[in-house]
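Novice: kindly return the folded structure for what I paste below:
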Amino acid sequence: MKLYYYYDKEADILYFSKGKPSAKDHSEEAPDDVILRTDPKTGAIRGFTILNFAKRVQKKQAIISLPIEADLVPA
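Specialist: Here you go, the predicted structure:
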């Protein structure tokens, strides 16, 4: 499955999605300006959004801890 990402510079938001995003996904707020998107049937994390992304990097807070496990396999 492909990992999609997009950075909205104007809104300062970084989006990641495992596969194409779905309107059926459930969103929940996590700590530190992170929003998790989960599959409503399985509860598996399908993506996440990081708010104020550039501001974090400017403050040298580039390390962001997320409660996500992933298997990264080269295409």
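Novice: what strand or helix carries the residue nearest the centre of the chain?
Specialist: For the chain, the residue nearest the mean C-alpha position is residue 48 (2.0 Å; Cα atoms, centre = their mean). For residue 48, the enclosing helix or strand under DSSP states H and E is strand 45-51.
Novice: in the chain, where is pLDDT below threshold?
Specialist: 1, 59-75 (pLDDT under 70).
Novice: what ranges do the helices span in it?
Specialist: 53-58 (DSSP state H).
Novice: mind jotting down where the strands sit in it?
Specialist: 3-8, 13-18, 26-30, 34-38, 45-51 (DSSP state E).
Novice: tell me the contacts of residue 40?
Specialist: 24, 25, 26 (Cβ atoms under 8 Å, 6 or more residues apart in numbering). For the C-beta atoms, the positions are set from N, CA and C on the backbone; glycine is no exception.
Novice: export those to TSV and tack on neighbour count?
Specialist: TSV is the format used below for the contacts of residue 40 (neighbours: other Cβ atoms under 10 Å):
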residue	neighbour count
24	9
25	15
26	12
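Novice: from those, pick the one nearest residue 4.
Specialist: Nearest to residue 4 among those is residue 25, at 12.8 Å by Cβ to Cβ.
Novice: let me see the backbone angles for that closest one.
Specialist: Main-chain dihedrals, residue 25, degrees, to the nearest 10: phi -60, psi 150.
Novice: and stretch 49-57, end to end?
Specialist: 15 Å (Cα to Cα, to the nearest Å).
Novice: now it: buried residues?
Specialist: 49, 50, 52, 53, 56 (16 or more other Cβ atoms under 10 Å).
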